[in-house]
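Participant: Give me a model of this one.
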Amino acid sequence: MFFYIDWLYIILVLPAVLFATFTSARVSTTFRKYGAIPTRRGLTGADAARRILFANGIYDVRVEHIEGNLNDHYDPRARVIRLSTATYGNNSAAAVGVAAHEAGHAVQHAKNYVPLKLRNAIVPVTNIGSRLAIPLILVGILLSTLSAAFAYIAYIGVACFGLVTLFQLLTLPTEFNASKRALRALEGEAILDKNELKDSKRVLNAAAMTYVAALAVSFAQLLRFLLIVASSTRRRD
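Facilitator: Okay, here's the model as predicted:
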């Protein structure tokens, strides 16, 4: 039996995947650590999100509860912040920090924060690109056995995957800025004291690293696909 070893995946992608796995686990453990201690003021994640919204003059964004764990997000189309069970009614520094982060996204939206606008603008083409990338790469490589000109199809597939990487790149400033806004609001509105603010910052920093890891995985995959297509094309020249 013939076994194929994808050395490009092992060398380029696997380390990034392992890093992403580590950061994801770290978010869970950090949230559990700082999510079990009530804050001095006792405000819940939902309370904190609403207070930050109102402080920024935003009254048309709802704060809703959704089932799940750490699947909190802001939906700009529905104008709603959805907080998970672990966040919505939890009055820990971890929960308040996560809720404040999502409120930070709502503030970005209200203030037309450019990286957020760019990220939202490319979502449709990114979704299309993510679906077409691998089929185009495979078809292009297969057809290039008939003519080298078909290799351009594979390169178009690589470019489609590049849109995914671009989305991840634009996500970084958006997420870091939302956390910065969150911490500033939590301090400015006296929602957390200094020690609680440090705990909240630890949770948000751990969460931010998951986005760094996602970009690393996406970039590693992009480089892998590019090298595979280039190598396949050279062999047929």
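
Participant: so where's this structure uncertain?
Facilitator: 1-3, 234-237 (pLDDT under 70).

Participant: On the three-state scheme, His65 is what?
Facilitator: Secondary structure for His65, judged by DSSP: H, G, I helix; E, B strand; the rest coil, is strand.

Participant: and the longest helix anywhere in the chain, what does it pack onto?
Facilitator: With DSSP state H setting the assignment, residue counts place helix 194-236 as the longest helix in the chain. When contacts are defined as 3 or more Cβ pairs under 8 Å, 6 or more residues apart in numbering; DSSP states H and E, helix 194-236 sits against helix 7-8, helix 14-34, helix 93-110, helix 114-143, helix 151-188. Glycine gets a C-beta too; all of them are placed from N, C-alpha and C.

Participant: want to try a markdown table for these, with distance to Leu83 as columns?
Facilitator: A markdown table is the format used below for the helices and strands packed on helix 194-236 (distance: least, Cβ to Cβ, whole Å):
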| stretch | distance to Leu83 |
| --- | --- |
| helix 7-8 | 40 |
| helix 14-34 | 13 |
| helix 93-110 | 6 |
| helix 114-143 | 19 |
| helix 151-188 | 13 |
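
Participant: so which of the ones you listed gets nearest Ile228?
Facilitator: Proximity to Ile228, assessed across the helices and strands packed on helix 194-236 by Cβ to Cβ, is greatest for helix 7-8 (6.5 Å).

Participant: ok, residues contacting that closest one?
Facilitator: Residues outside helix 7-8 that contact it (Cβ atoms under 8 Å, 6 or more residues apart in numbering) are Arg224, Leu227, Ile228.

Participant: check contacts around the most centrally placed residue in the chain.
Facilitator: Taking Cα atoms, centre = their mean, the centroid of the chain lies closest to Tyr211, which sits 4.6 Å from it. Neighbouring residues of Tyr211 by Cβ under 8 Å, 6+ apart: Gln168, Thr171, Leu172, Glu175.
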